[in-house]
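**Student:** Here is my input; please provide its structure:
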Amino acid sequence: MAEEGFVVAREQFILKPEEFWYGVSEGNAKPVKSAEDMVFTTDNCYVTINHTGALSSWIVDGKQMLQAPLEPYFWKPENDNQHAAHFAERMAPWRDAAENRTVKSIRVKNHQVIVDMTLSVGAELTLTYTVKNDGRIRVDMDYRPTATDTPLIPKFGMRLRLPADMTHIEYYGRGPWENYPDRKRSAFLGRYQMPLTEYETEYIRPQDNGCRTDVRWFCISNGEKTLRIDGLQPLCIRAWDYGEENLEGVRHPHEIMRGCYVNLNIDLNIHGVGGIDTWGRRTLPQYTIDGNKPYRYALYSVGKTNITKITWNNKEQLRTLNTTKALKMRALVVVYPNCSKLFIISYLPTHQRQST
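**Tutor:** Residues are numbered from 1 along each chain as shown. Model prediction:
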């Protein structure tokens, strides 16, 4: 017999649809051409867009934030379910689609750098970079198919790599465990923090893992510098201490080459896990990404070397909702030097509250 208080089932109800707040409007930094690159300069940062259309350098307070560029990336390793359904074979055209992109033009308009490119799968892609005077970077990515037989997209988004010591993660989204578009009902929206080793999910056979969906904001830091990402719509984010290439061709976790960098994928969407069976059935269509449809997403990112600790506002620290005793409402205050305060309201079960 179950003891008193044993939880039989649980559910989280969204009382109000998400509203994405873009912050106080600041003027845009003006890009300047330097050799083949475009460079934005603010009081404390330099942002470089190179000739491939990637954000190749991001220096904040004299410190480089990136170990590899922020650029489009559409590939993801398969999982066991997808391997049986020949995922890698069916979606092979996307493996190198971003790397083999062709830049048609790089132009400046209204203090924005706009990069137009074509993809070998049969699509046009436009990246628009805007850098605010306070150092925030906005990136818009616009995908427009030109073919009618483009295969499903493994994931739609961007990738960057950070120094290996950036291993503390804090985010507002679904968690605390991994979740995917077709595996997320049990992962409630909330504010979570954990080391990178817990953000990853290790399987007996190395494969794609560790996604968090419906992410509103995501911070990763090493104590001295912090990268924060805010979606202008919900994001799917994966973070590993290895690259996609390190997952392929290995059979056991100890064979993975780790610790050279932090691999961060920031996506609008990702192909679902699948698993109707494990011997060939494909992921349900509603959890896939049709390559013959247009997509657009945007994100803000900010790098800080002296970010103020995230704290709770004393006046709004905890209030009980009348609708249910199982939910609490808390007001989160994030304070950045020289920036406005950002208030985020989160609804989550009391047993999933994180210590602060």
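**Student:** who does Asp142 bridge with?
**Tutor:** Thr126, Arg296 (DSSP bridges).
**Student:** gap between it and Val113?
**Tutor:** Note on Asp142: its distance to Val113, by CB to CB, to the nearest Å, is 14 Å. Quick note: C-beta positions are derived from backbone N, CA and C, even for glycine.
**Student:** who's more crowded, those two?
**Tutor:** Val113 (23 against 16; other CB atoms under 10 Å).
**Student:** Then the more buried one would be within a helix, right?
**Tutor:** No: using DSSP: H, G, I helix; E, B strand; the rest coil, the secondary structure at Val113 is strand, not a helix.
**Student:** Bridging across strands, which residues link to it?
**Tutor:** With DSSP bridges as the criterion, Val113 is bridged to Val108, Tyr129.
**Student:** hang on, the earlier thing: identify the contacts common to Asp142 and Val113.
**Tutor:** Counting by CB atoms under 8 Å, 6 or more residues apart in numbering, the contacts common to Asp142 and Val113 are Thr128.
**Student:** low pLDDT regions in the stretch 201-350 of the chain?
**Tutor:** Along the stretch 201-350 of the chain, the parts satisfying pLDDT under 70 run over 306-350.
**Student:** Break down it into its helices, ranges please.
**Tutor:** Counting by DSSP state H, counting those that start in this stretch, the stretch 201-350 of the chain has helices at residues 244-247.
**Student:** where along it do the strands fall?
**Tutor:** Ranges of strands within the stretch 201-350 of the chain are 212-221, 226-240, 262-270, 295-304, 311-312, 319-320, 327-334, 342-349, based on DSSP state E, counting those that start in this stretch.
**Student:** next one: the stretch 1-150 of the chain
**Tutor:** 31-34, 37-41, 45-49, 55-60, 63-64, 68-73, 102-109, 112-119, 123-131, 137-145.
**Student:** Out of these, which is closest to Phe87?
**Tutor:** strand 68-73 (16.7 Å; CB to CB).
**Student:** Show me what the closest one is packed against.
**Tutor:** With contacts taken as 3 or more CB pairs under 8 Å, 6 or more residues apart in numbering; DSSP states H and E, strand 68-73 sits against strand 55-60, strand 155-162.
**Student:** So which bits of the shortest one are buried?
**Tutor:** In other words, strand 55-60. For strand 55-60, a neighbour-count test (16 or more other CB atoms under 10 Å) marks Leu55, Ser56, Ser57, Trp58, Ile59, Val60 as buried.
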